[in-house]
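**Student:** What follows is a predicted structure for the sequence shown.
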Amino acid sequence: MTTDFAATRAMFELPEGIVYLDGNSLGPLPRAVPERLRRTVEEEWGRLLIGGWNRAGWMDLPRKVGDRVGRLIGAEPGTVVMGDTLSIKVYQSLAAALEMVPGRRVILSDTGNFPSDLYMADGLVRTLGQGYAVRTVAPEEVEAAIGPEVAVLMLTEVDYRTGRRHDMGRLTAKAHAAGALTVWDLAHSAGALPVDLAGTRADFAVGCSYKYLNSGPGGPAFIYVAPRHAEAARPALSGWLGHAAPFAFDLDYRPGRGIERMRVGTPPILQLAALDAAMDVWEIADIADVRARSVELTQAFIAGVEAACPELALASPRDPEARGSQVSFRHPEGYAIMQALIARGVIGDFRAPDILRFGFAPLYTGMGEVERAVAVLAEVMAGRLWDRDDYRRRAAVT
Ligand SMILES: *Cc1c(COP(=O)(O)O)cnc(C)c1O
């Protein structure tokens with residue numbers, strides 16, 4: 001390993017005494033972000049006003065930052081653009097992909113997918129009518145369900161609940177052999193493990209930046225379109241900034257060149273500036289090293305918890321190759337247990353109905369945190385410290 005994890009860790013602001021195992025939901029604050037935001041706000045917005053769009057490079061930021069994210073996920077230069085939220089990018093990629101497979105009507109996904117992806121697919125097929133449908137099968141049954149009626153295979157590589165990981169290369173090849181296109185959601189992959197979009201010949205990919213890429217709450221999503229589809233993919237959300245000439249103000253829509261057409265409206269400049277600063281850590285971190293360290297951390301966490309807490313059932317695959325960078329355990333009182341952990345400074349999260357979820361981000365998490373988390377969890381379980389009414393009261397965000 002060549003990555004200096006002490007150096008990457010020093011690039012993050014983490015409150016004293018906290019073990020943060022929820023970077024898979026919201027990454028922590030990179031130390032470079034406040035200064036970058038101050039500059040963007042005071043020196044660019046404050047001084048340049050509207051001139052910032054040209055003179056501070058705001059208009060190019062979605063592409064420029066998209067290329068930085070693209071390098072991390074094996075995308076060719078100029079194939080990734082930032083903007084909107086992930087749910088919107090799911091809709092956009094799915095609509096474009098469906099149109100490219102005329103004569104087929106089925107979107108195939110799995111029951112482990114994140115609900116918003118399925119809701120967006122559902123909304124799209126309702127708008128399209130004409131027999132379009134979403135079919136979901138169990139994650140293990142996806143491969144066998146790829147048949148001649150499938151237009152698009154839409155999957156999230158790493159399951160948000162269990163951390164189970166699909167084999168992207170294999171499923172993409174299978175989909176292509178069956179005449180279908182693929183939409184991959186990399187929400188729990190980008191910044192967590194190596195992804196090879198070009199090598200696996202993925203067609204479309206999307207993901208968010210506020211999880212393992214640490215862009216902050218509400219940071220923009222990304223969308224990738226394979227270069228071979230770039231001029232054929234037709235944007236369903238045909239906003240003015242995806243137009244070939246936005247400032248011609250034509251009344252008719254003409255898609256922009258390549259990935260530019262996947263832009264919709266005015267980009268969120270403050271959030272893009274935050275993400276741009278957050279991406280600096282990848283100048284000294286190698287994603288292969290991050291993955292290798294993540295495997296060490298997750299294996300140690302599983303071994304520690306299983307030895308100390310027999311009442312927790314592992315919900316994640318035991319084989320590190322078959323999972324992403326998170327570990328989940330099941331317990332009927334999972335919510336209360338997580339509240340007891342959070343009260344003791346170990347922050348993970350809970351996913352209904354019974355999942356305790358722990359994300360591991362080696363950029364700022366080491367073996368010391370794993371040991372501390374195991375020790376606190378063992379104490380909470382052995383002493384039934386979770387067994388309190390106030391720990392059972394659910395907050396709006398779990
Ligand atoms: C986090 C996540 C989302 C969230 O979508 P937003 O539009 O950013 O709120 C969607 N899909 C998956 C797979 C996720 O993990």
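**Tutor:** Received the coordinates, thanks. A quick note: this is a predicted structure, and the numbers were derived from the prediction, not measured.

**Student:** Quote the end-to-end distance of stretch 177-196.
**Tutor:** With C-alpha to C-alpha, to the nearest Å applied, stretch 177-196 spans 19 Å between its terminal residues.

**Student:** Over to stretch 207-222?
**Tutor:** 5 Å.

**Student:** Any chance you could list what contacts the longest helix belonging to the chain?
**Tutor:** Criterion DSSP state H: the longest helix present in the chain is helix 287-308. With C-beta atoms under 8 Å, 6 or more residues apart in numbering as the test, helix 287-308 has contacts from 1-3, 5, 72, 191-194, 312, 314, 316, 318, 320, 323, 325-327, 329, 358, 360-363, 365-367, 370-371, 373-374, 377-378, 381-382. Just so you know, the C-beta spots here come from the backbone N, C-alpha and C atoms, and that holds for glycine as well.

**Student:** Give me every residue in the stretch 1-150 of the chain lying close to the ligand.
**Tutor:** Neighbours of the ligand within the stretch 1-150 of the chain, by C-beta under 6 Å from any ligand atom: 85-87, 114, 116-117.

**Student:** can you rerun that using 8 Å?
**Tutor:** Counting by C-beta under 8 Å from any ligand atom, the stretch 1-150 of the chain comes close to the ligand at 25, 85-90, 113-114, 116-117.

**Student:** now those residues in CSV, with neighbour count and pLDDT?
**Tutor:** Listed next are these as CSV, based on neighbours: other C-beta atoms under 10 Å; pLDDT from 0 to 100:
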residue, neighbour count, pLDDT
Ser25, 19, 97
Thr85, 16, 98
Leu86, 24, 98
Ser87, 17, 98
Ile88, 16, 98
Lys89, 29, 98
Val90, 29, 98
Asn113, 20, 98
Phe114, 18, 97
Ser116, 16, 98
Asp117, 24, 98
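
**Student:** now for those residues, which pair is the farthest apart?
**Tutor:** Spatial extent of these (C-beta to C-beta) is set by the pair Ser25 and Ile88 at 19.2 Å.

**Student:** Run through the residues of the stretch 151-300 of the chain sitting next to the ligand.
**Tutor:** 156, 160, 185, 187-188, 208, 210-211, 221.

**Student:** okay if I get those as a markdown table plus neighbour count, pLDDT and secondary structure?
**Tutor:** What follows is those, written out as a markdown table (neighbours: other C-beta atoms under 10 Å; pLDDT from 0 to 100; DSSP: H, G, I helix; E, B strand; the rest coil):
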| residue | neighbour count | pLDDT | secondary structure |
| --- | --- | --- | --- |
| Thr156 | 28 | 98 | strand |
| Tyr160 | 25 | 97 | coil |
| Asp185 | 28 | 98 | strand |
| Ala187 | 25 | 98 | coil |
| His188 | 27 | 98 | coil |
| Cys208 | 22 | 97 | coil |
| Tyr210 | 24 | 98 | coil |
| Lys211 | 27 | 98 | coil |
| Ala221 | 24 | 98 | coil |
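
**Student:** thinking again about what came up before, run the chain-centre distance for the longest helix of the chain.
**Tutor:** From the chain centre to the centre of helix 287-308 is a distance of 20 Å (C-alpha atoms, centre = their mean, to the nearest Å).

**Student:** moving C-terminal of it, what's the next helix or strand?
**Tutor:** Where DSSP states H and E defines the elements, the next helix or strand beyond helix 287-308 is strand 313-314.

**Student:** now for that following strand, which elements pack on it?
**Tutor:** Strand 313-314 is packed against helix 287-308, strand 326-330, with contacts defined by 3 or more C-beta pairs under 8 Å, 6 or more residues apart in numbering; DSSP states H and E.

**Student:** can you do 6 Å?
**Tutor:** Contacting strand 313-314 under the criterion 3 or more C-beta pairs under 6 Å, 6 or more residues apart in numbering; DSSP states H and E is no other helix or strand.

**Student:** ok, it: who's next to it in the sheet?
**Tutor:** Take DSSP bridges as the rule and strand 313-314 pairs in its sheet with strand 326-330 (antiparallel).

**Student:** Show residues contacting the strand it pairs with.
**Tutor:** 24, 162-163, 298, 301-302, 312-316, 354-359 (C-beta atoms under 6 Å, 6 or more residues apart in numbering).
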